[in-house]
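*Asks:* Provided below for reference: sequence and predicted model.
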Amino acid sequence: MSTSSSGTISSQYSGLMRVNGMASGMDIDGMVSKLMKAESVPLDKMKQKQQTLQWQRDDYRDINTSLKDLDTTIFNGLFLQSSFNKKTVTSSNDNLVSASAINATGNMSARIGVGNLATSASWKSTVVLPYPDHPASSDTTLKFTVTDPGNTEGSSTDRVVSIAIAATDTIDNIITKFNSSSLGVTMFKDDTGSLVISNNKTGSEGVIKVDSPFMHDVLGFDVSTTPDANGNYTFNTGTANAIAGVDASITFNGYSMKETSNNFTINGVNYTIKGVTPKDTQGNDIPVNISTATDVDSIYNSIKSFVDKYNDVIKKVNDKISEKRNRDFPPLTDDQRAAMNDTQITQWETKAKSGLLSNDSILSGGLSKMRQDLYSPVSGSNLTTGYTQLSQIGITTSADYSENGKLVIDETTLRQKIQDNPQAIYQLFNSGVSSSDTSGTYSYGTEGLAKRLRDSISNMSSQVTTIAGKTTYTNNQFDIGKQLTDLGTQITDFQSKLTDIENRYYHQFSAMEQAMQQSNQQAAYITQQFSSGG
């Protein structure tokens, strides 16, 4: 059976019986194999081109992955104002009051006194115990109307929650249904066997109503015995078997306040009160002091992460577009690969893959645009604070020309600028609008550095995707894919052509063998006749 460097020429492509060369004494298979190797050279070239395109596609996609990572780093670290609002918070007594900055733009200090913590309402049943095995005499659905504490003002609305009770339900079943519902209560049996319901939310303003006397008549809770105008029975508070919820009583910088929860937010700082503050000899609160400061470390690390990622990306792209193309090292053919060990294959392919994006205009143009984005000053009425260039906050370009615009951080300067005015740095990166100023006229100069850079990354990535697609794309959706499809068709057609050529060679050698066999037979016959006549 014949073979070729393409690995596609074999007896499976031909219905011909192979001849063994007995008449001629020739190695027919060996001769056809050598002939087919010569015929297969164009096929090898096509397969090498196919492999080169696949490597090139993968290189482009790898660049796009890096661009996406850079864009994500910019968005998470520089594009969100919350990145520059990060604060460290200290409390003089964390056991009584703790705090965390949520979205505070400026630094602050507060004095907090706690008169009492917020508590939740609860109700205890008063029926004779134990309950019957199945309290409900028939299937029933209880519809509760809930007004949560703290939601009674403004545009708040009531919640309606339904709980279906079956005649076959035990007390334990009923407890499970209450606790797994969205009613927002916890039901349990105390040590006497009585049922207790506790509101999961604290505060004095919570109201629960139910459209059936079941809670009072069957389960024995302190619920009104007569319905209101809407047919609802209200859970009572402030009685022997009903404890009303209480609001937290605090002083904030000397101002008395009520809060429905022990966790509340004022001016972007979230406070959690955990205990009552002590009093001085005059009965005044000894407050807990809370203060915030700019979280310089966190903001610095966000900016440094961007700079490091930017430097990684521009180095990666620069390395690719400046790589030497080794045209003396095309992709290996099947025969070449079979003759090499793994180390030799790796070394060869490393050289073969080099320079596939050399001098690429999209990548080089994208890098130039990114450098312009960072070096051009930011201007315009939207920039209300003083920084207009990276150099003003301690970020400059490397003096080493070979580093192709690598950014360098002066850590001392950058930390000081963050401490002085983090919002000014935020505006340097994010001032202006993405595509036009307030008049509707495009103005590149008014865009912050992060916005410019993200626009350029998006444009560069889009152009690369047009060429190399994504892993989810089919070949007809990008340029290299279309070339690969065309090559695949050409390879299939050429393989069929090679099969025909191989069959033709065997036809020819078969005819030759048959002719030589006939000649040999004739010669043998003549020799036999002469021998007989003698």
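*Replies:* The structure has been received and is ready for your questions.

*Asks:* and the closest residue to D211 other than its chain neighbours, how many neighbours does it have?
*Replies:* Using CB to CB, 6 or more residues apart in numbering and skipping residues adjacent in sequence, the residue nearest D211 is K143, 4.5 Å away. Where you see a C-beta, it was placed from the backbone N, CA and C, and this is true even at glycine. Using other CB atoms under 10 Å, K143 has 14 other residues around it.

*Asks:* three-state assignment of K143?
*Replies:* Classification of K143 by DSSP: H, G, I helix; E, B strand; the rest coil places it in strand.

*Asks:* In contact with it, which residues are there?
*Replies:* Contacts for K143 (CB atoms under 8 Å, 6 or more residues apart in numbering) come out as V160, V161, S162, V210, D211, S212.

*Asks:* let's see 7 Å
*Replies:* V160, S162, V210, D211 (CB atoms under 7 Å, 6 or more residues apart in numbering).

*Asks:* which among those end up buried?
*Replies:* V210, D211 (16 or more other CB atoms under 10 Å).

*Asks:* Distance to T472 and pLDDT for the contacts of K143 - can I get that in CSV?
*Replies:* Formatted as CSV, the contacts of K143 follow (distance: CB to CB, whole Å; pLDDT from 0 to 100):
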residue, distance to T472, pLDDT
V160, 44, 94
S162, 44, 96
V210, 53, 94
D211, 53, 94
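
*Asks:* Go through the contacts of K143 and name the one nearest G386.
*Replies:* V160 (54.9 Å; CB to CB).

*Asks:* Which helix or which strand is home to that closest one?
*Replies:* Assigned by DSSP states H and E, V160 belongs to strand 159-165.

*Asks:* before we move on, which element is the one residue sitting closest to the centre of the chain in?
*Replies:* Centroid-nearest residue in the chain, with CA atoms, centre = their mean: T72, separated by 8.8 Å. Element membership for T72, per DSSP H and E: helix 41-74.

*Asks:* For that helix, enumerate the helices and strands it packs against.
*Replies:* Here helix 41-74 touches helix 296-322, helix 449-468, helix 479-533, going by 3 or more CB pairs under 7 Å, 6 or more residues apart in numbering; DSSP states H and E.

*Asks:* Out of the ones you listed, which one sits most buried?
*Replies:* helix 449-468 (a mean of 19; mean count of other CB atoms under 10 Å).

*Asks:* where does the stretch 201-350 of the chain have low pLDDT?
*Replies:* By pLDDT under 70, the stretch 201-350 of the chain contains no weakly predicted segment.

*Asks:* now the helices: where do they sit in it?
*Replies:* 214-217, 296-322, 334-338, 342-353 (DSSP state H, counting those that start in this stretch).

*Asks:* still on that earlier bit, direction-wise, compare the helix holding T72 with helix 449-468 and give the angle.
*Replies:* Angle between the axes of helix 41-74 and helix 449-468 is 160 degrees (criterion: axes from the mean of the first three to the mean of the last three CA atoms, to 10 degrees).

*Asks:* Give the buried residues for helix 41-74.
*Replies:* Counting neighbours by 16+ other CB under 10 Å, the buried set in helix 41-74 is 43-44, 46-47, 49-51, 53, 55-57, 59-61, 63-64, 66-67, 70-71, 73-74.

*Asks:* neighbouring strands for the next helix or strand after it, and are they parallel or not?
*Replies:* Under the assignment DSSP H and E, the closest C-terminal helix or strand after helix 41-74 is strand 87-91. Applying DSSP bridges, strand 87-91 is found paired with strand 288-294 (antiparallel).

*Asks:* which residues are in contact with the partner strand?
*Replies:* 87-93, 96-97, 99, 101, 104, 107-112, 269, 277, 418-419, 422.

*Asks:* Pull out the buried members of those.
*Replies:* The neighbour-count test (16+ other CB under 10 Å) marks 87, 89, 91, 93, 96-97, 99, 101, 104, 108, 110-112, 269, 277, 418, 422 as buried among the contacts of strand 288-294.

*Asks:* which ones among the residues you listed are found in helices?
*Replies:* I418, P422 (DSSP state H).

*Asks:* Just the ones of the buried ones among the contacts of strand 288-294 in strands?
*Replies:* With strands taken from DSSP state E, the overlap with the buried ones among the contacts of strand 288-294 comprises K87, V89, S91, V97, A99, A101, A110, R111, I112, V269.

*Asks:* can you pull the contacts of the fourth one?
*Replies:* The neighbourhood of V97, defined by CB under 7 Å, 6+ apart, consists of S91, I112, V114, Y271, I273, K274, V288, I290.

*Asks:* Reformat those residues into TSV and put distance to S181 next to each item.
*Replies:* Supplementary listing: the contacts of V97 in TSV, determined by distance: CB to CB, whole Å:
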residue	distance to S181
S91	37
I112	36
V114	33
Y271	31
I273	29
K274	29
V288	38
I290	37
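
*Asks:* Buried members of the residues you listed into PyMOL, please.
*Replies:* In PyMOL, a selection of the buried entries from the contacts of V97 looks like this (16+ other CB under 10 Å):
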select buried, resi 91+112+114+271+273+288+290
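
*Asks:* for the contacts of V97, which one is nearest S510?
*Replies:* So of the contacts of V97, ranked by how close each gets to S510 (CB to CB), first place is Y271, at 96.6 Å.

*Asks:* The closest one contacts S100, correct?
*Replies:* No. Using CB atoms under 7 Å, Y271 makes no contact with S100, being 8.5 Å away.

*Asks:* ok so, going back, report the inter-axis angle for the helix holding T72 versus helix 342-353.
*Replies:* 80 degrees.

*Asks:* Which segments of this structure make up each domain?
*Replies:* 16-39+478-533, 53-81+298-469, 87-117+247-294, 120-243 (automatic domain parsing).

*Asks:* Show me what T140 bridges to in the sheet.
*Replies:* I165.

*Asks:* any idea of the pLDDT on it?
*Replies:* The per-residue pLDDT reported for T140 equals 94.

*Asks:* same check, this time on V146
*Replies:* pLDDT, read off for V146, is 92.

*Asks:* check contacts around it.
*Replies:* By CB under 7 Å, 6+ apart, the neighbours of V146 are D158, R159, V161, L183, G184, I208.

*Asks:* What is the distance between the helix or strand it falls within and the centre of its chain?
*Replies:* Assessed by DSSP H and E, V146 sits inside strand 140-147. Its chain's C-alpha centre and that of strand 140-147 lie 41 Å apart, by CA atoms, centre = their mean, to the nearest Å.

*Asks:* With stretch 129-144 instead?
*Replies:* That offset, for stretch 129-144, works out to 49 Å (CA atoms, centre = their mean).

*Asks:* That stretch: end-to-end distance?
*Replies:* Stretch 129-144 has its terminal residues 25 Å apart, counting by CA to CA, to the nearest Å.

*Asks:* What residues of it count as buried?
*Replies:* Y131, P135, A136, L142, F144.

*Asks:* Spatially nearest residue to the first one, not counting backbone neighbours?
*Replies:* So that's Y131. Y131's closest residue in space is I171 (CB to CB, 6+ apart), at 5.0 Å.

*Asks:* Let me know the pLDDT of that neighbour.
*Replies:* Confidence score, pLDDT, at I171: 93.

*Asks:* So it is in contact with P130, correct?
*Replies:* No. Using CB under 7 Å, I171 is not in contact with P130; the gap is 8.4 Å.

*Asks:* list the residues that contact both of these two?
*Replies:* With CB under 7 Å, 6+ apart, I171 and P130 have no common neighbours.

*Asks:* Nothing else from me, thank you.
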